[in-house]
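[1] okay, predicted coordinates and the sequence, questions at the end:
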Amino acid sequence: MNQADMKEAIRMIAADRGLSIDSLLQVLVEALATAYKKRPGAAEEVIVGLNPDSMEMTFTAYDIDADGNWCNERDDTPSRDELGRIAASTFRAVLSQRIREVEYQGKYDQFRNKEGEIVAGRIRLMPDRNSERKYLIIDMSGGEGIMPLSEQVPNELRGSTDGTFKVFIVEVRQTERGPQVVVSRSHPGLVFKLFQMEVPEIVSGQVSIMAIAREPGQRCKIAVASNDQRIDPIGACVGGRGDRVKRVVTELRGEKIDIVTYSDDKRSMIINAMSPAKVTEVNISDDGTQADVIVPDFQLSLAIGRAGINAKLAAQLCGLRLDVKSESEAAGITVENAAAPVVDSI
């Protein structure tokens with residue numbers, strides 16, 4: 001392989017793989033150094049010089065003394081014929097491996113910078129019904145991600161590979177097979193980012209999302225605050241005719257969203273978080289970790305919610321353990337079918 005052939009090969013590989021020529025030249029230098037050390041009688045260390053215009057190469061060899069210092073510098077550039085053989089074998093073996101490493105690193109760097117962001121994706125591969133693999137393979141711009149079972153919304157995407165949807169990038173891992181991008185549809189960060197896309201006031205800092213509690217696929221509660229007294233934080237998130245929140249609900253495949261006003265006062269926060277139920281009284285424990293929440297008898301089922309979900313999300317949003325009771329139960333009056341659960345914040 002002569003210099004002209006090598007230069008053209010570098011250019012074609014760079015164009016085909018979407019890599020920079022400089023990065024490939026660096027790979028070539030490292031690969032040539034590796035190939036040189038496999039020669040009989042090769043020096044212990046070598047520095048390969050490469051002229052990117054002429055593709056002329058020099059090999060400066062060094063020995064290593066007892067103290068670990070490089071010494072006895074000398075030119076050990078192979079003959080043109082031998083250099084051609086080294087270059088050819090390098091391209092066939094070491095170079096292809098190093099190119100993959102550069103590609104993997106490029107993909108890792110690309111997605112590492114997107115951790116905590118959302119991207120569009122679509123299902124490329126779903127597991128067979130009886131497969132031990134429970135994760136989904138998601139096609140994304142610039143690569144693919146995996147969605148573990150723990151990051152999926154139950155039954156949301158199963159049975160359909162049509163259309164695109166947003167996913168939240170949870171983590172980018174380095175593995176032996178290259179970067180692994182973990183994405184999610186159940187992470188609260190997905191809700192935050194979707195509202196950030198729809199509500200300019202969040203981007204500008206005029207409105208802040210203070211807390212999110214979510215039962216993926218069913219219901220979500222978010223607490224919002226205004227940093228500008230002229231702006232209603234709930235109105236900003238809902239949008240004119242509800243357009244903003246409707247677009248978020250559509251992306252979440254119909255998941256219900258309650259938007260409430262955040263308060264630093266625990267009692268007020270609990271009252272807001274229990275929406276749409278009306279709260280009569282809140283009694284917070286001395287240590288501030290638990291609260292008895294009293295609601296009208298006719299509102300008890302609404303306060304608890306189906307399968308306890310409203311009380312559960314309210315507890316998560318406030319970070320307290322909530323004991324929801326009807327007025328009659330709080331007064332010591334027995335009411336049939338009014339069992340009220342104690343709900344932890346976790």
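    Perfect, thanks for sending it. Residues are numbered from 1 along each chain as shown.
[2] residue ranges with poor pLDDT in the stretch 151-300 of the chain?
    158-162 (pLDDT under 70).
[3] the helices in it, which residues?
    For the stretch 151-300 of the chain, the helices defined by DSSP state H, counting those that start in this stretch cover 188-198, 200-204, 233-238, 243-251, 266-273, 300-304.
[4] return the second one as PDB; C-alpha atoms alone will do.
    Yep, that's helix 200-204 we're talking about. Taking C-alpha atoms only, helix 200-204 is exported to PDB below (Å, rounded to 0.1, in the frame of the first residue of the first chain):
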ATOM      1  CA  PRO A 200     -41.600  29.200  27.600                       C
ATOM      2  CA  GLU A 201     -42.000  30.600  31.100                       C
ATOM      3  CA  ILE A 202     -40.200  27.600  32.500                       C
ATOM      4  CA  VAL A 203     -37.200  28.100  30.100                       C
ATOM      5  CA  SER A 204     -37.000  31.800  31.000                       C
END
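[5] which strands and helices sit next to that helix?
    Using 3 or more CB pairs under 8 Å, 6 or more residues apart in numbering; DSSP states H and E, the elements in contact with helix 200-204 are helix 188-198, strand 207-215, helix 233-238. Placement of C-beta: from N, CA and C, glycine included.
[6] tell me which of the helices of the stretch 151-300 of the chain sits nearest to Phe59.
    helix 188-198 (51.4 Å; CB to CB).
[7] partner strands of the longest strand belonging to the chain and their direction?
    Longest strand in the chain by number of residues, with DSSP state E as the criterion: strand 165-175. The pairing partners recorded for strand 165-175 under DSSP bridges are strand 118-125 (antiparallel), strand 178-184 (antiparallel).
[8] who's the residue positioned nearest the centre of the chain bridged to?
    A centroid search over the chain (CA atoms, centre = their mean) returns Ile169, at 1.6 Å, as the residue closest to the centre. With beta bridges defined as DSSP bridges, Ile169 has these partners: Val183.
[9] who are the contact partners of the spatially closest residue to Phe59 that is not a sequence neighbour?
    Spatial nearest neighbour of Phe59, excluding adjacent residues (CB to CB, 6 or more residues apart in numbering): Thr77 at 4.6 Å. Thr77 makes contact with Met57, Thr58, Phe59, Leu83, according to CB atoms under 8 Å, 6 or more residues apart in numbering.
[10] about what we covered before: looking at the strands paired with strand 165-175, which is buried most?
    Scoring the strands paired with strand 165-175 by mean neighbour count under mean count of other CB atoms under 10 Å gives strand 178-184 as the most buried, with a mean of 21.
[11] verify the stated contact: Pro78 with Phe59.
    Yes - shown here, Pro78 and Phe59 form a contact pair, counting by CB atoms under 8 Å, at 6.7 Å.
[12] which residues are common contacts for those two?
    Residues touching both Pro78 and Phe59 (CB under 8 Å, 6+ apart): Tyr36.
[13] neighbour count: the two, which is higher?
    Phe59 (21 against 17; other CB atoms under 10 Å).
[14] and that one, its phi and psi?
    Main-chain dihedrals, Phe59, degrees, to the nearest 10: phi -120, psi 110.
[15] okay, now the domains of the chain?
    Domain ranges of the chain: 3-107, 121-183, 187-262, 276-346, per automatic domain parsing.
[16] dump the ones you listed into CSV; add distance to Glu115 as well.
    Listed next are these as CSV, based on distance: least, CB to CB, whole Å:
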stretch, distance to Glu115
domain 3-107, 13
domain 121-183, 5
domain 187-262, 10
domain 276-346, 23
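[17] which of those domains sits closest to Asn113?
    Asn113 lies closest, by CB to CB, to one member of those: domain 121-183, at 8.9 Å.
[18] what's the burial count for Leu102?
    No Leu there; residue 102 is Val. Around Val102 there are 16 residues (other CB under 10 Å).
[19] tell me the secondary structure for it?
    What DSSP: H, G, I helix; E, B strand; the rest coil gives for Val102 is helix.
[20] Val27 is in contact with that one, correct?
    Yes - using CB under 8 Å, Val102 is in contact with Val27, at 5.8 Å.
[21] a markdown table for the helices of the stretch 151-300 of the chain, including distance to Val153?
    Formatted as a markdown table, the helices of the stretch 151-300 of the chain follow (distance: least, CB to CB, whole Å):
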| stretch | distance to Val153 |
| --- | --- |
| helix 188-198 | 10 |
| helix 200-204 | 23 |
| helix 233-238 | 21 |
| helix 243-251 | 12 |
| helix 266-273 | 22 |
| helix 300-304 | 23 |
